[in-house]
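**Student:** Next one to model:
(one chain, ligands or ions: 1)
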Amino acid sequence: MTIQRTMPPSPNPAAPVEATRVTPMMEQYLEIKAANPGLLLFYRMGDFYELFFEDAEIASRALGITLTKRGKHQGADIPMCGVPVERSDDYLHRLIAAGHRVAVCEQTEDPSAARKRGNKSVVRRDVVRLVTPGTLTEDTLLDAKANNYLLALARAQASSGGDRFALAWIDISTAEFMVTECGAGELGATLARINPNEVIVSDALHGDPDLRALLRELPSVTPLTRDVFDSATAERRLCDYFAVATMDGLSAMSRLEATAAAAAVTYIDRTQISQRPPLSPPSREASGSTMAVDPATRANLELTRTLAGERRGSLLDAIDLTMTAAGSRLLAQRLAAPLTDTTAITRRLDAVAAFTSDSPARDDIRTILRTAPDMSRALARLSVGRGGPRDLAGLRDGMLAAGQALARLEEFSDPPADIAAAMQSLRRPSCDLARELGDALSESLPLMKREGGFVREGYERALDEARKLRDDSRLVVAAMQARYAEETGVKTLKIRHNNVLGYFVEVTAQHGDRLMSAPLNATFIHRQTLAGQVRFTTSELGEIEARIANAGDRALGLELEIFDRLAEMAIQNGEELRNAAHAFAQLDVAASLAKLAIDENYTRPDVDNSLSFAVEGGRHPVVEQALKRAGHPFIANACDLSPIPSQTSGQIWLLTGPNMAGKSTFLRQNALIALMAQTGSFVPARRARIGIIDRLFSRVGAADDLARGRSTFMVEMVETAIILNQASERALVILDEIGRGTATFDGLSIAWATIEHLHEANKCRGLFATHYHELTALSAKLPRLFNATVRVKEWHGEVVFLHEVLPGAADRSYGIQVAKLAGLPPSVIARAKSVLAKLEAQDRGSTVRTLVDDLPLFAVPARAADESAPPSETVQLIEALKSLHPDEMSPREALEALYALKAKLPKQ
Ligand SMILES: Nc1ncnc2c1ncn2[C@@H]1O[C@H](COP(=O)(O)OP(=O)(O)OP(=O)(O)O)[C@@H](O)[C@H]1O
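**Tutor:** Next up, the predicted model:
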């Protein structure tokens, strides 16, 4: 994000003195503006937020609203635009989405109070909130199905290299607060997993060239002064926020984590100004507790978005059958961070299993969940004073649903641990609050509390009385209208109301004179003559008006008091309500994954700490659904990457096969099955045993990254380098056509060396798809490399895709047949065939055989293979030279020795 420093234009030297005088209001504006650099200032004026100077120009462009002028400053027109307060959420949303940050400046006193201080006094105003992408709470500004995280990033520099980073992330709309620490190598994957909407860093980190590329990838980065990241004051600031004397009772954090956590809460304090949203105590995530999945892998596997950026078509979209927004958010979180702890995974799987085996319970819980509103977000809005009556109703309905869900779950004779924990949380919420909300709230509720009318009749006597008075007065007005019509003889006389005149008597123009003449003019005082009507007031009407206004004001005031009381009661019960909301989300995820498992015929995976990977009858969760919609079956395939090789397994599979045969699908489906299993979901397979994977890499050859100024091939190589340097034996590596982005022999050589390295040095599980059929020869020397191919049949010169993965190697790519299917002109196809025939005549196979027979690499572990080691002839030459003693040689012996040395040189 770029932060605009918007300032009013500098004074116009040519302007006359009078014109350069700054009005009191402008003075106030400029002062507030200067105190909030880098933000667009929404300056409240009556029913509008107005923007001035460059802010107005930026906003009018971003929002497509008219730019006008208001008065002059330093002799020049002041550009201005405004947005109505009623619809400001929408405008804020668009500005935030466009990368801006906004300071909302409200009137903090009634205009009448300002008038009392003198005619020229300006209404007091103050910035009440900074609206930034990571600190939103309004429903209209948030995506219901996604968390909205603010993340603080802190670094501890180590003199020996190996910097450490701490990340603290908060969703103020749900009160979640997490911290973790990681090394520089894992930073990209950790950020990608959390997917924050705003990141705050110190100025120093922001300017660090080593981090520039990483920070540029993030949606919004806000640099802050060093004091926000001061570790010496971190604990004090955290204690202050949580109103505790020491952090010990809240959570154990490293000093670096506390620094990041303190920066995050300080920023929240700064942006929320008058409100301090309640947060759960920071929960520490142990490093290594989740599967590391770097950004490129996430993108390749299309976990939450497709490569085109759509949710539709992603894995999340295919498996998300949740009933609530909070459930959807939790599922997305889990998918982003699959676990590595088998016990925790088993607990999740147990909960899903309970709902797969008890369909009535699953359906009932899902029906109850359908009525459960987003309690955590409603509560967050109430906590920061931005809640409305519907948020209170949300809590009421949520608690009702909690009771129903609990009653239904109690039918489980022996609920698994996760369900039992959820039940415990559902038991907690205060019955008093539920009863109070039930009693207080009306049937239909306005959006804003200031509209009134949300408290049920009979709830509070004083309110009922005020309302009666207000409504009775309205009846009095109706009676008065009838009486006036009678008295004046004007049957069409009406009593109306508007904001300018208040209540007034209105007659058509033809009757106006009568009311303006004696004797009626003693009662009716003329106020306004319009084209068709004449308007009057009477002293009696004035009195009634005051009574109505007073009773109305009093009724609204009483309602607002009740609102505050109920909101406060809800906030006091915040922790229990949030726990109940989390329990709903957990139940929703478990029940929805169970429904998915039943609908799509998934099985429970065995997840253990071995290095096995054995999938029988595996399918691709997204492709399968797409094919099903089109009425086509998906062909299931097995994949066994167990470390002990057999006839049908090998730790690294080399997959060859024609274009369009299904290689990429097969690679990805296995990565997704592992990922889903560790997320705690059932998987699209007949059977699956997955030994914990700590890191998942997936690369597809040749994906452009022109935006970062790297060529296609460069990107591919950078990504391959990361894998070869980082993959441990617990990693799963998926490589799809690596090396295809360069000349054939270069690509083949790189692919060749990469496989050797993965096999010998990384020793990880992996799947490698390629069109370089020569690579299959490698299996002769690499015991854990297994050749597999995707079957096709040729039928009258056409290729038929069977999508079956079998042991063996493909003989050819059928690229020309696929090109024909794609509609290349027949002349091009014919020519390609003849070129192919000629090329195939030149045998590449012999070179390959020589390479396999003569590989020095196999003698030495690949990681240690020293490229600079001299060839054997050189070694011999050096040894011979060492054995010579020139001082003891005659000239003739020296000459002979020289000839002997020359003879040892390799023949060219
Ligand atoms: N197991 C399967 N069962 C049914 N259809 C499949 C299967 N696998 C793949 N397909 C279909 O084949 C299409 C092509 O698959 P995929 O992209 O995986 O091929 P590929 O071998 O990687 O091709 P290329 O080498 O050209 O990249 C898929 O879009 C899908 O519709």
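
**Student:** Helix or strand: which one has Ala903?
**Tutor:** Using DSSP states H and E, Ala903 sits in helix 891-904.

**Student:** Which other helices and strands does that helix contact?
**Tutor:** Packing partners of helix 891-904 (3 or more CB pairs under 8 Å, 6 or more residues apart in numbering; DSSP states H and E): helix 872-883. Placement of C-beta: from N, CA and C, glycine included.

**Student:** Quick one: distance of the helix it packs on to the chain centre.
**Tutor:** In this view, helix 872-883 has its centroid 63 Å away from the chain centroid, taken as CA atoms, centre = their mean, to the nearest Å.

**Student:** cool, and stretch 95-103?
**Tutor:** 17 Å.

**Student:** hey, C-alpha coordinates of that stretch in CSV?
**Tutor:** Taking C-alpha atoms only, stretch 95-103 is exported to CSV below (Å, rounded to 0.1, in the frame of the first residue of the first chain):
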residue,chain,number,x,y,z
LEU,A,95,-11.7,3.3,0.0
ILE,A,96,-10.1,0.6,2.2
ALA,A,97,-10.3,-1.9,-0.7
ALA,A,98,-8.5,0.7,-2.8
GLY,A,99,-5.6,0.7,-0.3
HIS,A,100,-6.5,3.9,1.7
ARG,A,101,-6.8,4.4,5.4
VAL,A,102,-9.4,6.7,6.8
ALA,A,103,-9.6,8.9,10.0
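
**Student:** Go through the helix holding Ala903 and flag the buried ones.
**Tutor:** For helix 891-904, the neighbour count (16 or more other CB atoms under 10 Å) marks Ala897 as buried.

**Student:** Just the element for the residue of the stretch 51-200 of the chain at minimum distance from the ligand, please.
**Tutor:** In the stretch 51-200 of the chain, the residue that lies nearest the ligand is Ala192 (24.3 Å; CB to the nearest ligand atom). Applying DSSP H and E as the criterion places Ala192 in helix 184-194.

**Student:** Same check on Pro783?
**Tutor:** For Pro783, there is no enclosing helix or strand under DSSP H and E.

**Student:** got a list of what the residue of the stretch 751-900 of the chain found nearest the ligand touches?
**Tutor:** Distances between the stretch 751-900 of the chain and the ligand by CB to the nearest ligand atom are smallest at His803, namely 3.5 Å. By CB atoms under 8 Å, 6 or more residues apart in numbering, His803 lies in contact with Phe634, Ile635, Asn637, Ala661, Gly662, Thr665, Val790, Arg791.

**Student:** From these, pick out the ones that also neighbour the ligand.
**Tutor:** Contacts with the ligand are made by Phe634, Ile635, Ala661, Gly662, Thr665 out of the contacts of His803, judged by CB under 6 Å from any ligand atom.

**Student:** Using JSON lines, lay out those residues together with pLDDT.
**Tutor:** Shown next, in JSON lines, are these (pLDDT from 0 to 100):
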{"residue": "Phe634", "pLDDT": "94"}
{"residue": "Ile635", "pLDDT": "94"}
{"residue": "Ala661", "pLDDT": "83"}
{"residue": "Gly662", "pLDDT": "88"}
{"residue": "Thr665", "pLDDT": "93"}
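
**Student:** Farthest pair within those residues?
**Tutor:** By the measure CB to CB, Phe634 and Ala661 form the most distant pair in the ones next to the ligand among the contacts of His803, at 13.9 Å.

**Student:** who has more neighbours, these two?
**Tutor:** Ala661 (26 against 19; other CB atoms under 10 Å).

**Student:** thinking again about what came up before, for burial, what's the neighbour tally of the residue of the stretch 51-200 of the chain closest to the ligand?
**Tutor:** Residues lying near Ala192 (other CB under 10 Å) number 20.

**Student:** what about it, distance to Leu303?
**Tutor:** Noted for Ala192: a distance of 10 Å to Leu303, by CB to CB, to the nearest Å.

**Student:** still on that earlier bit, which of the contacts of His803 lies closest to Val455?
**Tutor:** Phe634 (56.6 Å).

**Student:** Spatially nearest residue to Ala671, not counting backbone neighbours?
**Tutor:** Leaving aside its sequence neighbours, Ala671 sits nearest to Ile734 (CB to CB, 6 or more residues apart in numbering; 5.0 Å).
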